[in-house]
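In: Sequence isn't available, so here's the structure alone:
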């Protein structure tokens with residue numbers, strides 16, 4: 001398990017950027033103390049951290065059990081979970097009062113349980129869960145999206161579609177007769193000499 005809970009002054013969780021999976025044994029951060037823990041289900045819990053603003057689990061790709069993000073009052077986005085692909089159990093994101101978007105979940109392609117996002121009052125950008133909403137099947141994977149801001153009902157997520165990631169411009173460098181020329185192609189945009 002990985003459990004980070006009840007830390008009244010914790011502002012960021014940036015030291016886990018190389019963590020790649022959460023399985024049966026893991027780490028607990030409770031009241032700002034670190035200790036090892038043991039469990040069979042590999043649950044990831046990030047809850048009741050009222051000052052938590054950011055997280056960095058950039059290499060985390062797999063959680064074998066449930067993933068629960070609950071009651072983190074100042075957490076504004078989930079960008080620190082950009083590599084997450086699989087959650088073996090439920091994915092629950094509830095009562096995070098400053099959460100604006102869930103774009104950090106855009107690479108999650110599979111959850112073994114249910115999808116639940118409830119009571120995130122300012123959550124208005126939910127394109128990051130488009131794939132999960134599309135693949136939901138009653139009785140197999142239920143989804144519950146309610147009490148969030150405008151744009152985060154099941155119907156709105158499907159209507160708005162997935163996240164569009166802009167392509168990086170192609171840059172060409174030419175050396176002609178001692179004159180350096182740089183050309184950047186962005187549609188019809190041209191930079192050069």
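Out: Happy to help now that I have it. Predicted model, so just to flag it, every value in this text is computed and none were measured.

In: Residue 146: neighbour count?
Out: 12 (other Cβ atoms under 10 Å). Placement of C-beta: from N, CA and C, glycine included.

In: my read: it touches residue 118, true?
Out: Yes. With contact defined as Cβ atoms under 8 Å, residue 146 counts as touching residue 118 (5.6 Å).

In: Sheet partners, orientation included, of the helix or strand hosting residue 93?
Out: Using DSSP states H and E, residue 93 sits in strand 91-94. Strand 91-94 sits in its sheet next to strand 67-70 (parallel), strand 115-118 (parallel), going by DSSP bridges.

In: now the ones you listed in JSON lines, with mean neighbour count?
Out: Formatted as JSON lines, the strands paired with strand 91-94 follow (neighbours: other Cβ atoms under 10 Å):
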{"stretch": "strand 67-70", "mean neighbour count": "23"}
{"stretch": "strand 115-118", "mean neighbour count": "20"}
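
In: Turn those strands into JSON lines, including mean pLDDT.
Out: As requested, the strands paired with strand 91-94 are exported to JSON lines (pLDDT from 0 to 100):
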{"stretch": "strand 67-70", "mean pLDDT": "92"}
{"stretch": "strand 115-118", "mean pLDDT": "93"}
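
In: Can you tell me what sits against the strand holding residue 93?
Out: Residues outside strand 91-94 that contact it (Cβ atoms under 8 Å, 6 or more residues apart in numbering) are 66-71, 78, 99, 102, 105, 108, 111, 113-120, 132.
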